[in-house]
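[1] for reference, the sequence and a predicted model appear below.
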Amino acid sequence: MAGHANYTALLDANTLYPILTCDALLSLASTGLFAAKWSERIEKEWIRNLGEDRPELADKLLARRNHMRCAALDWEVPEPAIAALLPCLTLPDPNDAHVLAAAIAGHADCIITFNLKDFPASAVEPFGIEVIHPDRFIVSQLDLDYIPAITALKKMRQRRKRPPLSPEAFAGAFERNGLPSVAARLLEASELI
């Protein structure tokens, strides 16, 4: 797994839905560690799901979407390119084919998703795409370019003001969000963040 902006990662809706995971990935991308991509279809999926699960957030979702777009200016994989690929793709759940199509059309090196089983190697490897859990991906960014990555995560922690989070509480949030390896690395670096 390479680093820097020539490495492109397609972010699945399930990584954009949880604010912590989304913020961590886009904080890292905005430093130039990798290029983050998604499609309008992926965007609509996380917005719809979050709006259904947390109706009290409905009036904030478009503002959040706009902040995300600003954090990754070259985020969009165009729908016509995705649609052209869909008939050629087979996945266990046909509803996931648009994600693989977006990765191919967006020239992504990987798909970052919590649902690894939805993208079997037999379906993605012919396209040179790796499927990576966000916990592993974020740790890999720390391993590849530690100072910019830890600095991006420190800035992310400092943006959280209601309530402010101690480095230990920040790490705990990653643990609770299914990112235990990131949490462990943040605890090790608590004096730096």
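    Done, it's in.
[2] what does the strand or helix carrying residue 185 contact?
    Using DSSP states H and E, residue 185 maps to helix 180-188. Applying Cβ atoms under 8 Å, 6 or more residues apart in numbering, the contact partners of helix 180-188 are 24, 135-136, 138-139, 142, 153, 167-168, 170-175, 193. All C-beta atoms are positioned from the backbone trio N, CA, C, and that covers glycine.
[3] please repeat the previous calculation with a cut-off of 6 Å.
    135, 138-139, 142, 171, 174-175 (Cβ atoms under 6 Å, 6 or more residues apart in numbering).
[4] buried residues in that helix, which are they?
    Of the residues in helix 180-188, 181-183, 185-187 count as buried by neighbour count, 16 or more other Cβ atoms under 10 Å.
[5] just send those back as a markdown table, with pLDDT and distance to residue 19 too.
    Shown next, in a markdown table, are the buried residues of helix 180-188 (pLDDT from 0 to 100; distance: Cβ to Cβ, whole Å):
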| residue | pLDDT | distance to residue 19 |
| --- | --- | --- |
| 181 | 98 | 19 |
| 182 | 97 | 15 |
| 183 | 97 | 16 |
| 185 | 96 | 20 |
| 186 | 96 | 17 |
| 187 | 94 | 21 |
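[6] which member of those residues is positioned nearest residue 125?
    residue 181 (23.7 Å; Cβ to Cβ).
[7] fine by me, thanks again.
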